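Peer 1: show me the folded form of this:
(chains A and B)
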Amino acid sequence: GENVEQHPSTLSVQEGDSAVIKCTYSDSASNYFPWYKQELGKRPQLIIDIRSNVGEKKDQRIAVTLNKTAKHFSLHITETQPEDSAVYFCAASPTTNNAGNMLTFGGGTRLMVKP
Amino acid sequence: EAGVTQSPTHLIKTRGQQATLRCSPISGHTSVYWYQQALGLGLQFLLWYDEGEERNRGNFPPRFSGRQFPNYSSELNVNALELEDSALYLCASSPIDRPYEQYFGPGTRLTVT
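Peer 2: A predicted model of the protein is given here:
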């Protein structure tokens, strides 16, 4: 089955700096890679995702890059703000119904943005 | 558009009892997924329901079961509760045309004493 590893487990940055979180996956059948943000006591929120037919996707201050050959993908947050502080999870999934669409999650990264 | 809802918010049970957790998906979503998030750990896939059928299950014992109703809502049952079942149980739903794109509910915090 799929195995997703996420690094680092904790990340502390100064407000305004950039933050990068990296994930690797093992199953070449995976072709959908979402990122979730989970604030304390709240539900995981889908913040950005990427399909394997593109190498990069941006949405304002966040971007995700994918290297399918190397089986790794990364989340980039620029101009970090205190409200970006949360636990971020990467995940991987195939997109074909027959293979199942359950997400395999990384272990999470606790991002702390210091004002 | 209303999001995924779950009930109850909190549930306290004694070891050996049974727990029932409920989930209502986003309107128009037909797939429901259940995940377990133990304290300090990531999310582990439990069960996937689509069109009323169990499509896949994760590496959990058979005492974790559930069902999906004709209105696509779902129920997770945990029998013979053990202390290590204490966790946040998250339900997610996905649209029919993008079944991999999952939106989570707020979760049910199950505590087993």
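Peer 1: ok, for residue A:8, nearest residue in space, not its chain neighbours?
Peer 2: residue A:109 (6.1 Å; Cβ to Cβ, 6 or more residues apart in numbering or on different chains). (Each C-beta comes from the backbone N, C-alpha and C, glycine too.)
Peer 1: equivalent analysis for residue A:27, please.
Peer 2: Closest residue to residue A:27 apart from its sequence neighbours, by Cβ to Cβ, 6+ apart: residue A:2 at 4.1 Å.
Peer 1: before we move on, what about residue A:26?
Peer 2: Counting by Cβ to Cβ, 6+ apart, residue A:26 lies nearest to residue A:3, which is 4.4 Å off, once chain neighbours are set aside.
Peer 1: residues from chain B in reach of chain A?
Peer 2: B:4, B:31, B:33, B:35, B:41-45, B:48, B:55-56, B:58, B:90, B:94, B:99-107 (Cβ under 8 Å from any Cβ of the partner chain).
Peer 1: may I see the PyMOL selection of the buried members of those residues?
Peer 2: Typed into PyMOL, the line below selects the buried ones among those, using 16 or more other Cβ atoms under 10 Å in any protein chain shown:
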select buried, chain B and resi 4+31+33+35+42+43+44+45+48+55+58+90+94+99+100+101+102+103+104+105+106+107
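Peer 1: sort out for me which of the residues of chain B next to chain A are in strands.
Peer 2: Mapping these onto strands (DSSP state E) picks out B:31, B:33, B:35, B:43-45, B:48, B:55-56, B:90, B:94, B:103-104.
Peer 1: sweet, I'm off.
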